[in-house]
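Chemist: here is the input, now give the coordinates:
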Amino acid sequence: MERTCVILKPDAVNRGLMGEILKRFENKGFRVIGLKMERLAPTKLEEHYAHHKDKPFFQGLVKYMASIPCVVIALEGVEAVEVVRKMVGATSGRKADMGSIRGDFSMSHQQNLIHASGSKEEAEKEIKRFFKESELHAYPLMSLDWLYSEEEKKA
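Modeler: As a prediction, the model looks like this:
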């Protein structure tokens, strides 16, 4: 099973959309293997968003993300990175397809509710950045046999 990392941003927390968003991932069939609310430190955010450090919005993004607690989630499932990205939608809420999380609940490019890992490699780094190994949990998912074929479960 593939893992991915999701961050519910301050606007999702402040607007009371945490449960609605988490419910979408659970309804899709993802196993939640890590979940916590944390006020993210600016140093951790600067590391997380290092690829944007030369952009004019970088400091504002770090300040916004550190303004109130975020919810960090580690999910597990077949092709988790790709499926979660599709569920999240385009970066700009105004351009995201209806039915996606951003398309249904966001009107902004930055205040777009959610971050999702962009690749398997990125997901591995982000999960290590935000979770200690002891905060990740393996447990039997009762619906697993109804979610995937035997071949898919081996992937």
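Chemist: show me the contact partners of the lowest-mean-pLDDT helix or strand in the chain.
Modeler: Across the helices and strands of the chain, mean pLDDT, DSSP states H and E gives its lowest value to helix 150-154, namely a mean of 88. Contact with helix 150-154 is made by 1, 78, 144, as judged by Cβ atoms under 8 Å, 6 or more residues apart in numbering. Yep, even glycine has a C-beta here, placed from its N, CA and C like the rest.
Chemist: and stretch 60-73, by the same measure?
Modeler: 5-10, 12-14, 18, 22, 25, 32, 34-42, 45-46, 49, 52, 110-111, 130-131.
Chemist: now do 7 Å
Modeler: Applying Cβ atoms under 7 Å, 6 or more residues apart in numbering, the contact partners of stretch 60-73 are 6-10, 13-14, 18, 22, 32, 34-40, 42, 45-46, 49, 52, 110, 130.
Chemist: can you give me the end-to-end span of stretch 99-108?
Modeler: With Cα to Cα, to the nearest Å applied, stretch 99-108 spans 16 Å between its terminal residues.
Chemist: which other residues reach that stretch?
Modeler: Contact partners of stretch 99-108, identified using Cβ under 7 Å, 6+ apart, comprise 17, 21, 24, 87-90, 93-94, 96-98, 112-114.
Chemist: show me the strands in this protein, by range?
Modeler: Assigned by DSSP state E, the chain shows strands spanning 2-8, 31-38, 70-77, 114-116.
Chemist: rewinding a little: is there a quick ChimeraX command that grabs whichever of the contacts of helix 150-154 are buried?
Modeler: Under the burial definition 16 or more other Cβ atoms under 10 Å, those of the contacts of helix 150-154 that qualify are selected in ChimeraX by:
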select :1,78
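Chemist: so who does the residue nearest to Lys44 when sequence neighbours are not counted touch?
Modeler: Nearest non-adjacent residue to Lys44, counting by Cβ to Cβ, 6 or more residues apart in numbering: Arg129, 6.8 Å away. Residues in contact with Arg129 (Cβ under 7 Å, 6+ apart) are 44, 47-48.
Chemist: Arg129 and Glu152, how far apart?
Modeler: To Glu152, Arg129 is 28 Å away according to Cβ to Cβ, to the nearest Å.
Chemist: if we can go back for a sec, adding distance to Gly103, mean neighbour count and mean pLDDT, write the strands of the chain out as a markdown table.
Modeler: Output for the strands of the chain, formatted as a markdown table (distance: least, Cβ to Cβ, whole Å; neighbours: other Cβ atoms under 10 Å; pLDDT from 0 to 100):
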| stretch | distance to Gly103 | mean neighbour count | mean pLDDT |
| --- | --- | --- | --- |
| strand 2-8 | 16 | 23 | 98 |
| strand 31-38 | 23 | 16 | 98 |
| strand 70-77 | 20 | 23 | 98 |
| strand 114-116 | 12 | 22 | 98 |
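Chemist: no further questions, thank you.
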